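*Asks:* What would the 3D arrangement of this be:
(one chain, ligands or ions: 1)
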Amino acid sequence: MGVFEAIASDTHEEVLYGHDPMSGLRAIIAIHSTALGPALGGTRFYPYASEEDALCDALRLAKGMTYKSAAAGLDLGGGKAVIIGDPSTIKTERLLRAFARVIDSLGGRYVTAEDVGTTTADMITIASETEWVTGLPLVHGGSGDPSPATARGVMGAMRAVAEYLWGSDDLSGKTVAVQGVGKVGASLVERLTKQGAKTIVADVNAAAVTEMVAHHGSVTVGVDEIFDVDCDIFAPCAMGGALSESTVDRLRCQAVVGSANNQLETEAQADQLVEQGILYAPDFVVNAGGIINIADEFQNYDWKRAITAIDQISDNVHQVLETARRRGIKPTTAAIEMAEERISSIGSINLKRRGHAS
Ligand code: NAD
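*Replies:* Model (predicted):
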């Protein structure tokens, strides 16, 4: 597929290619939408197999950010940047500063943050060349690591699902299978344990699993066995695409609520989950805690104000599930409609405010 064809297929506004031969920078910034505000989305630094793979990832992730921010009620659009290459070998100060200049050239239409392969320390380097960067450490006036905020939002989503399915938002005594106990998964296990829930965990990183067993009494299973365990909620907190035709077929839970982005391998899995009687809480509504936390940086970061906004995720999930039930549609469809409705209603106000519309 050609570049223009790829951009047009999902109505992205703009794609910018940036390069710096001296440092080896090859970056792509995709802006999906600025209808609600600046396109905010992290920078993924990854050794893509091809430039086409990098472009596809940037486009897909940018669109996801548009929906995530809109569904969370933020005045932000969706964008994403990717840098092609292995961060452990090619990441240098020169490369990051050259990349920051590319961001700066967009004049605030795109605002970056950390993602896979980039860190809060990298954001400090980027901040030396552009003001259009968030996710800075707390000591730099930023919001720090977004993972605890994301985990808090996932907990709220789980409580909304529990209320919907079992008539009470109390998670004590429930069993939650957590796939991936990295930054978000570990924080989620800690919170679940405090609420009296039991956790079953799996991770390719044995040390991360050992820690969950030692500190939170988690039961551990192999990375492939996690799909087969009896549980109330399955929480994908590792990589995207965990829910494929074959893995969904094996699930023995009543609901899926997790932090991973793009959990469904294809849209067909949303139907498959419905057919199997498993309630799916749409990932981009559930995992918005991190972006909500980061968005607070636009108004002098304040954790108390941020968590008040993060706790709205529970209500958003409740609204999505009730709409889906009332109209007999899938939760994913209800969530996409909720986001699109906000983009078209509030987006047009923003356009007028900026003087782009009559
Ligand atoms: P992380 O890299 O800290 O943790 C991911 C964990 O998954 C790691 O411990 C890794 O070893 C494990 N893992 C990888 N493949 C696995 C497999 N096949 N089976 C089991 N475990 C596996 O990442 P994170 O920041 O905790 O994010 C987790 C997920 O949530 C990602 O999909 C991320 O995109 C998404 N997410 C994160 C945030 C955030 O604030 N960090 C916000 C929104 C979405």
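*Asks:* Now residue 163: which helix or strand?
*Replies:* Element membership for residue 163, per DSSP states H and E: helix 147-166.
*Asks:* Show me what counts as buried in that helix.
*Replies:* Residues of helix 147-166 classed as buried: 147-164 (neighbour count, 16 or more other Cβ atoms under 10 Å). Every residue, glycine included, has its C-beta placed from N, CA and C.
*Asks:* Which strands or helices does it pack on?
*Replies:* Taking 3 or more Cβ pairs under 8 Å, 6 or more residues apart in numbering; DSSP states H and E as the contact definition, the neighbouring helices and strands of helix 147-166 are helix 183-194, strand 233-236, strand 279-280, helix 283-286, helix 289-295, helix 303-310, helix 312-327.
*Asks:* Pull up the pairing partners for the third one, direction included.
*Replies:* Strand 279-280 has these partner strands in its sheet, going by DSSP bridges: strand 255-256 (parallel).
*Asks:* Distance from the chain centre to the strand it pairs with, please.
*Replies:* Taking the mean of its C-alpha atoms, strand 255-256 sits 17 Å from the chain's own mean (Cα atoms, centre = their mean, to the nearest Å).
*Asks:* Who does residue 243 form a beta bridge with?
*Replies:* The bridge-partner assignment for residue 243, based on DSSP bridges, gives residue 264.
*Asks:* hang on, the earlier thing: ok, and which of the helices and strands packed on helix 147-166 has the densest surroundings?
*Replies:* Greatest average neighbour count among the helices and strands packed on helix 147-166 goes to strand 233-236 (a mean of 29), per mean count of other Cβ atoms under 10 Å.
*Asks:* strands paired with it, and their directions?
*Replies:* For strand 233-236, the paired strands and their directions (DSSP bridges) are strand 175-179 (parallel), strand 255-256 (parallel).
*Asks:* got the angle for the following helix or strand past the shortest one vs helix 312-327?
*Replies:* The C-terminal neighbour of strand 255-256 among helices and strands, as given by DSSP H and E, is helix 268-275. Here helix 268-275 runs at an angle of 70 degrees relative to helix 312-327 (axes from the mean of the first three to the mean of the last three Cα atoms, to 10 degrees).
*Asks:* Quick one: mean pLDDT for helix 268-275?
*Replies:* If you average the pLDDT over helix 268-275, you get 97.
*Asks:* again with stretch 79-88
*Replies:* 97.
*Asks:* So what would you say the end-to-end distance of that stretch is?
*Replies:* Across its full length, stretch 79-88 reaches 24 Å end to end, with Cα to Cα, to the nearest Å as the criterion.
*Asks:* Also stretch 220-235?
*Replies:* By Cα to Cα, one end of stretch 220-235 lies 14 Å from the other end.
*Asks:* Over to stretch 272-286?
*Replies:* From the first residue to the last, stretch 272-286 extends over 20 Å; the measure is Cα to Cα.
*Asks:* what's the distance between that stretch and the middle of its chain?
*Replies:* Averaged C-alpha coordinates place stretch 272-286 at 16 Å from its chain's average position (Cα atoms, centre = their mean).
*Asks:* ok so, going back, let's have the helices and strands packed on helix 147-166 in JSON lines, adding mean pLDDT and distance to residue 120.
*Replies:* Below are these laid out as JSON lines (pLDDT from 0 to 100; distance: least, Cβ to Cβ, whole Å):
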{"stretch": "helix 183-194", "mean pLDDT": "97", "distance to residue 120": "12"}
{"stretch": "strand 233-236", "mean pLDDT": "98", "distance to residue 120": "24"}
{"stretch": "strand 279-280", "mean pLDDT": "98", "distance to residue 120": "32"}
{"stretch": "helix 283-286", "mean pLDDT": "98", "distance to residue 120": "23"}
{"stretch": "helix 289-295", "mean pLDDT": "96", "distance to residue 120": "11"}
{"stretch": "helix 303-310", "mean pLDDT": "96", "distance to residue 120": "16"}
{"stretch": "helix 312-327", "mean pLDDT": "98", "distance to residue 120": "23"}
